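Novice: Just need the structure, nothing else, for what follows:
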Amino acid sequence: MADSLIDLTTGRFSPKQVAGQVYAGSSGYGALRVAFIDQERAELTRAGRRFKLGYTAAPTGIAPVTAIPTTAAQWTIFNASTTDTYTFEELGVHLYSGTAAAGVVVVACFFTLPVQSGFATGIAAQSCSASQNKASSAAVKSGVTITTPAAPAWFHVAKSDSANTGVGAVMAVNDQLKGALMLPPLTGLGVATLSGAGTSPLYVPVATWTEGAQDLE
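Specialist: Next comes the predicted model:
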């Protein structure tokens, strides 16, 4: 039996197999070289663990506010699972109707009560894999008054500095979260849009997340 499980050979190019021995190539620092074969994010999508917010009909958008809320969440994404954690990849809003004022900021907070179920009109959780029939455990509602905690801590998650104001041209979405925001089981995420009055602008939520069991410390 060999003294080591893996023998590393250092060099720009190294043989794959010599005299029945299989070698793994390493860098000059002794680090194992790894080639990326799967596309980024492919495995969780294949497993039916990645979801996006979708629209099945005309959703009812919500007008922005000009001050950070206290307990009034314009939109909530609630993790109704008792086992899975949501890991967000992108979060924000886009203009569904009306004319926006220039500049949009999206804030969010965590909450545990009230527990949410179901979806607001026209909103759905869509699997990112068409071959999967795994349903999300998410509940997405609008106009929720948070009761626990009594004073949620709101934090910024996305912004848009664009001068565009028309439908189809205004989106304040952070697509670089990449796991920097997690929602444990039986917790919710409140979302609100901060912006000027514009001309009757109404916004709807945008989100992409994965669902899976996590060892949260």
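Novice: Quick check: the gap between the residue nearest the centre of the chain and residue 52.
Specialist: By Cα atoms, centre = their mean, the chain has its centre lying nearest to residue 88, at 2.5 Å. From residue 88 over to residue 52 the distance is 11 Å, taken as Cβ to Cβ, to the nearest Å. Bear in mind the C-beta positions are built from the backbone N, C-alpha and C, glycine included.
Novice: Residue 172 too?
Specialist: Taken as Cβ to Cβ, the span from residue 172 to residue 52 is 17 Å.
Novice: Neighbour count: those two, which is higher?
Specialist: Each of residue 172 and residue 52 has its neighbours counted (other Cβ atoms under 10 Å); residue 172 has more, 26 against 16.
Novice: and that one, what is it in contact with?
Specialist: 92-94, 104-106, 158-160, 193 (Cβ atoms under 8 Å, 6 or more residues apart in numbering).
Novice: ok, how many other residues are close to the spatially closest residue to residue 82 that is not a sequence neighbour?
Specialist: Excluding the flanking residues, the one nearest residue 82 by Cβ to Cβ, 6 or more residues apart in numbering is residue 185, at 5.2 Å. Neighbour count of residue 185, defined by other Cβ under 10 Å: 16.
Novice: ok, now which ones touch residue 185?
Specialist: 79, 81-85.
Novice: Also residue 214?
Specialist: With Cβ under 8 Å, 6+ apart, residue 214 has these contacts: 84-85, 87, 182, 184.
Novice: Of the contacts of residue 172, which pair is most distant in space?
Specialist: Farthest pair in the contacts of residue 172 (Cβ to Cβ) is 94 and 105. Separation: 13.9 Å.
Novice: Any figure for the gap between residue 86 and residue 137?
Specialist: The value you get for residue 86 to residue 137, if Cβ to Cβ is used, is 9 Å.
Novice: what about those two, which has more around it?
Specialist: For the pair residue 86 and residue 137, the greater number of neighbours falls to residue 86 (25 against 18), based on other Cβ under 10 Å.
Novice: which SSE is the more buried one in?
Specialist: strand 85-99 (DSSP states H and E).
Novice: in its sheet, what does that strand sit against?
Specialist: Strand pairing for strand 85-99, determined by DSSP bridges: strand 171-174 (antiparallel), strand 181-183 (antiparallel), strand 199-212 (antiparallel).
Novice: Tell me the buried residues in the longest one?
Specialist: Meaning strand 199-212. Using 16 or more other Cβ atoms under 10 Å as the test for burial, strand 199-212 gives 201-211.
Novice: Now for residue 88 and residue 52: what residues contact both?
Specialist: Joint contacts of residue 88 and residue 52 (Cβ under 8 Å, 6+ apart) are 207-208.
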